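In: Okay, here's the prediction I keep looking at, along with the sequence it came from:
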Amino acid sequence: MSDPADLILHNGNILTFDPARPSVRALAIRGGRIVASGGDDILEGWAGAQTRRIDLDGRFVMPGFNDTHAHMEREGLKLQRLSLSGAASVAEILARIAAAARATAPGEWIVTMPVGEPPHYFDAVAGLTERRMPTRDELDRVAPDNPVYIPGHFGNWGVPPGHTALNSRALALNGLNRHSCPRCRGVDFVCDEVTGDPTGAIIEHNGRPTVEFDMLPAVPRFDFEARLEGLRRSIALYHACGTTSVYEGHGSAPETISVYRALWERGELTMRTGLCVSPSWSSVAEARRVMRDWLAYARGKGLGDPWLNISGVHIAYGGDPIVAELARADLPNTGWSGFVEQAYTREEFREVCFLAAEHDLRLNTIVSDQLHEIVPVLLAINERYPLAGKRWVIQHVARARMEDLQALRALGVIVTTIPTYFLWKGGHAYLAEPDGGDLVVPHRHMLDLDLPLSIATDNIPYDPFFTLWVTMARQERKTGRTIGPGQRLDVETALRLFTVAGAQLTFDETWKGPLAPGFAADLAVLSNDPRVLAPEEIRQLRCEMTLVNGSLVHGVGEI
């Protein structure tokens, strides 16, 4: 030993994912890195007069979660709006808005969170005593001097439809009247059948809401400072679940990247963050220019440091061109999403992907049930621009075919999956699969093929223990039926995919991931050892302490 450790964790039950020492009792940490692992005799070899010691008292320790499709920036934004959680009736909702009106200056907006219970807001209106939203007149009575906006839920959290309610002042400020008509499909602007006047209700049937982009230009947007504070609060919430790294493969809009950069520049970014660009170009020709002239920093492995890295682009497959046009017109605002809506035909998608390969911008794309349509594009690109080592990323894999998974393995593509999205929240779509769902989010098949793979939360919810349970149980939320029972993972395999596996997405696997000498001291101390729990008990786990770079970011530091 040349210098003593800064910190020693001892008397623990430590899962390292280090093949040389899979399980140890103690870790010595210096300068943000692990310098030794082993038994409690580390105390004798590495402890100095200034070394801090934490007795884990047998607690379970593991590498921190690496949430590889996190949408982290949106969680803290939810805390900036009036919550309607727990309101079981229209009367209770009106009482909260009346209280807000008493504390709000006349003319200022009152904007709430959606009706229903977070994080999903399932059956929000059906859960109210009256089984309806507040009416325009009711909102007028409790807030006569303020525009009021109760938004429908963000579709990625729950399932459509989303129910919006506005009072008269809000309708007027947005220029809405009996002649107003949404431009986006899937939006119902409700008018009274007798008078023809707007009722204040808007019903959104789309997966991601379009109504603000389309019909509500006067509704307050999240500005830069709100997003900055939201990100601060998001990071704390994710750390409190044991998350130490995130990767945002759905892409980050310019404003989102700017917010991360501001925290990074101020030395406040305690979450190791990998971003890719969500571009705002409006045509293939513009994409060509932007890739050539402006995205050099995102080529290859990208630019950055161990805290913030930007590499590659997200390119959507499909999409609605009207939604994309309206969303671009609303920039820098992106609503809850944090990314820019895109829309490409199959031919345009192929052309833009070829351009990305030409300019060494690694592709991130969401496939859902369309993997079989995207694989031929990747194979064609590979013939001209070999993809080996480029680490292109295929996300949100739902229904797949074995031949397509084999193709991804041959191409060296990385896969990230969202088990909660397709198995629990949206699993009803796969209950009648002929194979019982064996090829829906087929984790076991991917692992058998040695396909690079990680799992993620998608912020639905951001709690990794919920996603961990879904990965193990694969139960659809309404029926409890198991989708693809042969694809269930044991907890240790699931933990590996949720921790160390994600480092490959940011080219960091040589220094981040396992709790091994030379690697970053990014770790989580849990309330129990998940390896001894039944799958259902995994959901009750909590994180008691989180360290990033050897520094405490959650917990009190004493167990």
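Out: Received, thanks.
In: now the strands: where do they sit in the stretch 151-300 of the chain?
Out: Residue ranges of the strands in the stretch 151-300 of the chain, as given by DSSP state E, counting those that start in this stretch, are 162-166, 187-191, 198-204, 243-252, 272-277.
In: same check, this time on the stretch 401-550 of the chain
Out: 414-417, 453-455, 523-526, 543-548.
In: For Thr479, which of the ones you listed is the nearest?
Out: strand 414-417 (21.2 Å; Cβ to Cβ). Using the backbone N, CA and C atoms, a C-beta is placed for each residue, glycine as well.
In: Any idea how many residues pack against the nearest residue to Thr457 once chain neighbours are set aside?
Out: Distance criterion Cβ to Cβ, 6 or more residues apart in numbering; nearest residue to Thr457, sequence neighbours excluded, is Thr467 at 4.9 Å. Using other Cβ atoms under 10 Å, Thr467 has 28 other residues around it.
In: wait, what's in contact with the residue nearest to Asp18 when sequence neighbours are not counted?
Out: The shortest distance from Asp18 to any non-neighbouring residue, by Cβ to Cβ, 6+ apart, is to Ala516 (3.7 Å). Ala516 makes contact with 16, 18, 20-21, 34, 37 under the criterion Cβ atoms under 8 Å, 6 or more residues apart in numbering.
In: So which other helices or strands are in contact with the helix or strand bottoming out on mean pLDDT in the chain?
Out: One helix or strand of the chain scores below all others by mean pLDDT, DSSP states H and E: helix 42-46, with a mean of 85. Where contact means 3 or more Cβ pairs under 8 Å, 6 or more residues apart in numbering; DSSP states H and E, helix 42-46 is packed against strand 7-10, strand 26-30, strand 33-38.
In: Dump these into TSV; add mean pLDDT and distance to Ser89 as well.
Out: What follows is these, written out as TSV (pLDDT from 0 to 100; distance: least, Cβ to Cβ, whole Å):
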stretch	mean pLDDT	distance to Ser89
strand 7-10	96	50
strand 26-30	97	52
strand 33-38	96	54
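In: In contact with Asp522, which residues?
Out: So Asp522 contacts 63-64, 244-245, 272, 512, 547-549 (Cβ under 8 Å, 6+ apart).
In: For Tyr430, state which of those residues is nearest.
Out: Of the contacts of Asp522, the one sitting nearest to Tyr430 (Cβ to Cβ) turns out to be Ser245, at 29.9 Å.
In: Dump the strands of the stretch 401-550 of the chain into TSV; add mean pLDDT, distance to Asn309 and mean neighbour count as well.
Out: Below are those laid out as TSV (pLDDT from 0 to 100; distance: least, Cβ to Cβ, whole Å; neighbours: other Cβ atoms under 10 Å):
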stretch	mean pLDDT	distance to Asn309	mean neighbour count
strand 414-417	98	15	25
strand 453-455	98	16	26
strand 523-526	98	21	23
strand 543-548	98	15	24
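In: Need those strands in CSV (columns: distance to Leu94).
Out: What follows is the strands of the stretch 401-550 of the chain, written out as CSV (distance: least, Cβ to Cβ, whole Å):
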stretch, distance to Leu94
strand 414-417, 42
strand 453-455, 42
strand 523-526, 42
strand 543-548, 38
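In: so where's the protein uncertain?
Out: 1, 557-559 (pLDDT under 70).
In: Residues contacting the longest helix seen in it, please?
Out: In the chain, assigned by DSSP state H, the helix with the most residues is helix 224-239. Contacts to helix 224-239, defined as Cβ under 8 Å, 6+ apart, come from residues 67, 70, 72-77, 79-80, 222, 246, 255-256, 258-260, 262-263, 268-271, 332, 462, 546, 548, 553-554.
In: of all the contacts of Asp522, which comes closest to Gly436?
Out: Pro63 (33.0 Å).
In: measure that closest one to Gly32 for me?
Out: Per Cβ to Cβ, to the nearest Å, Pro63 is found 14 Å from Gly32.
In: okay, these two: which has more neighbours?
Out: Taking other Cβ under 10 Å, Pro63 and Gly32 do not tie; Pro63 has more neighbours (31 against 15).
In: got the contact list for the more buried one?
Out: 15-17, 244, 499-500, 513-515, 522-524.
In: and it, what are its phi and psi?
Out: Per-residue torsions, Pro63: phi -60, psi 150 (degrees, to the nearest 10).
In: Could you shift the numbering so residue one becomes 20, and keep it that way?
Out: Let's use 20 as the start, then, which means that last one is Pro82.
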